[in-house]
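1. I'll drop the sequence and a predicted model, then ask my questions.
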Amino acid sequence: MPGVSIHVVDVSRGVVAAGMKVELYALLPNRRMLVTGQTGKNGQVEDRALGLRMLAGPYEAVFHVGDWYRKEQVPLPQVPFLDVVSYRFGIADPDQHYHLPFKCTPWGYSCFRGGA
């Protein structure tokens with residue numbers, strides 16, 4: 001199924017990041033928000049727009065990591081190392097599905113094209 005899916009996991013504690021705010025933007029012709037929401041109990045962003053056909057071009061996923069860790073009562077410095085993480089990626093073939101697994105800790109993250 002074409003489109004984009006996003007799955008967020010806190011690998012420092014081995015839990016899905018339920019309740020993290022995530023935004024998805026198309027960057028051309030002008031930056032415009034496509035989706036804003038929170039990850040569900042399974043750590044995935046559940047939004048119909050994510051399953052829709054995307055156009056070829058650049059996109060940006062924005063993860064509100066610092067707010068989520070604060071809400072989870074994970075101890076952070078007053079100025080967190082990670083706060084809002086932006087991940088820019090491109091869709092070359094709109095007929096394919098682009099799965100973005102986002103793995104995070106308070107100190108780092110990994111985001112890549114997965115196979116789901």
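-> Cool, the structure landed.

2. what sits up against stretch 22-36?
-> For stretch 22-36, contacts defined as Cβ atoms under 8 Å, 6 or more residues apart in numbering pick out 4, 6, 8, 21, 37-39, 45, 47, 49-50, 54-55, 57-64, 88. C-beta coordinates here come from the backbone N, C-alpha and C atoms, glycine included.

3. Who are the contact partners of the residue of the chain positioned farthest from its centre?
-> No residue in the chain sits farther from the centre than Gln78, which is 23.6 Å out by Cα atoms, centre = their mean. The neighbours of Gln78, taking Cβ under 8 Å, 6+ apart as the test, come to nothing; the list is empty.

4. What are the boundaries of the helices in this structure?
-> Remark: helices of the chain, listed N- to C-terminal, are 65-71; assignment by DSSP state H.

5. so where do the strands sit in it?
-> With DSSP state E as the definition, the chain shows strands at residue ranges 3-10, 15-16, 21-26, 32-38, 57-64, 84-91, 97-105, 108-111.

6. nearest to Glu72, of the ones you listed?
-> Closest to Glu72 of those is strand 3-10 (Cβ to Cβ; 7.8 Å).

7. helices or strands up against that closest one?
-> Here strand 3-10 touches strand 15-16, strand 21-26, strand 57-64, strand 97-105, going by 3 or more Cβ pairs under 8 Å, 6 or more residues apart in numbering; DSSP states H and E.

8. in its sheet, what does the second one sit against?
-> Sheet pairing here is set by DSSP bridges, and for strand 21-26 it gives strand 32-38 (antiparallel), strand 57-64 (antiparallel).

9. Now do the buried residues in the last one.
-> If you call a residue buried by 16 or more other Cβ atoms under 10 Å, then strand 57-64 has these buried ones: 59-64.

10. Check stretch 31-40 too.
-> For stretch 31-40, the buried set under the neighbour-count rule, 16+ other Cβ under 10 Å, comprises 34-35, 37-39.
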